[in-house]
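Chemist: need a structure here:
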Amino acid sequence: MFFHKNEQLETLGDRILEATWAEFPGLARNQIALTWLVYDPPAPVNTGGALSAEAFWHYSPRGFSYRGVERIYPASVVKLFYLVAIHEWLEQGMAQPSSELERAMKDMIVDSSNDATSLVVDVLTGTTSGPELPAAPFETWKQQRNIVNRYFQSLGWPELDTINVNQKTWCDGAYGRERIFLGELMDNRNMLTTTATARLLHSIVGGVAVSAARSQAMMQLMRRSLNPADLVADPENQVTGFLGAGLPPDARLWSKAGLMSRVRHDAAYIELPDARPYLLVVFTEGTAHSQNEAILPFVSRQAAAAVMGL
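Modeler: Got it, this is the predicted structure:
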């Protein structure tokens, strides 16, 4: 495990969950998953990549996890994994930079565009969407579509053993070869855990995802404004209804949200004035809860208060 359990955080984490269930009694205990890291000084994150990867991974932050290994459909949180992968491809010369790819990478994270994500997945895998394929070409296509899975497995992180990141994200759903690839019962959907997501985000804010410079570039895309005027101007801002909505206006936030008809998720790195920086990943499931814009901000307020009290 890349973080270690701590009695104080265990107590605080349990309190956060109990307060959440008291506030939202309809939220079942198996409809929320959470992983929370607190960076005690000297914090090794958001340093501009000052630490080597070896030095960074020797640091084990305190952490708390509830159902952190449960596989859950991630919606747009998966775009963080595609962002890291495309930076790795560019770093290794496996993909060529272009203005269109840069635009897609930005829109995939800043605006959570599914169309932009489609291009990024095409570049990563050398595949395209389209009508059904004959059996042999389809086998080749499927092999190519699993290249991102193979990359993350090659990192050797046990937290990634159970994830699946081989599908595009959709507005209306998949068609043709994409629908067949999902499986009749959608058993080949993207799947993540809060702990796997936390480790990936931890590596980005630690400056060791691909390279220090590329980690910084990823952080720039994930930065969210908490300015009320900015939030009003952009109704799909990935703050309203998510973890950022539970933060004071002078907080600093880097995040990637996920939302669809059955899930509402967020993965965030947060800095509060005069408090320890922390990382919080919360996944919630259930049709009623996915439409509830109060749950994630409530969890976020509880976590922020806990951190400020450390």
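
Chemist: so the spatially closest residue to G126 that is not a sequence neighbour: helix, strand or coil?
Modeler: Nearest in space to G126, with sequence neighbours left out and distances taken as C-beta to C-beta, 6 or more residues apart in numbering, is Q144 at 5.4 Å. All C-beta atoms are positioned from the backbone trio N, CA, C, and that covers glycine. Per DSSP: H, G, I helix; E, B strand; the rest coil, the local secondary structure of Q144 is helix.

Chemist: what sits against the residue nearest the centre of the chain?
Modeler: Geometric centre of the chain, nearest residue: V77, 4.0 Å, by C-alpha atoms, centre = their mean. By C-beta atoms under 8 Å, 6 or more residues apart in numbering, the contact set of V77 is 192, 197, 256-258, 265-267, 283.

Chemist: same question, T193
Modeler: 33, 68-72, 159, 162-163.

Chemist: doesn't N149 make contact with N166?
Modeler: Yes. Between N166 and N149 there is a contact at 5.5 Å, judged by C-beta atoms under 8 Å.

Chemist: so which of those two has more stuff around it?
Modeler: Neighbour totals were compared for N166 and N149, and N166 leads with 23 against 16 (other C-beta atoms under 10 Å).

Chemist: check contacts around that one.
Modeler: By C-beta under 8 Å, 6+ apart, the residues touching N166 are 145-146, 148-149, 181, 188, 190.

Chemist: tabulate the residues you listed (a markdown table), appending distance to V210.
Modeler: Formatted as a markdown table, the contacts of N166 follow (distance: C-beta to C-beta, whole Å):
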| residue | distance to V210 |
| --- | --- |
| R145 | 21 |
| N146 | 20 |
| V148 | 14 |
| N149 | 17 |
| F181 | 27 |
| N188 | 27 |
| N190 | 21 |
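
Chemist: got the domain ranges for this protein?
Modeler: Using automatic domain parsing, the domains assigned to the chain come out as 1-72+194-199+223-310, 73-192.

Chemist: in a markdown table: those domains, plus mean pLDDT.
Modeler: Shown next, in a markdown table, are those (pLDDT from 0 to 100):
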| stretch | mean pLDDT |
| --- | --- |
| domain 1-72+194-199+223-310 | 97 |
| domain 73-192 | 98 |
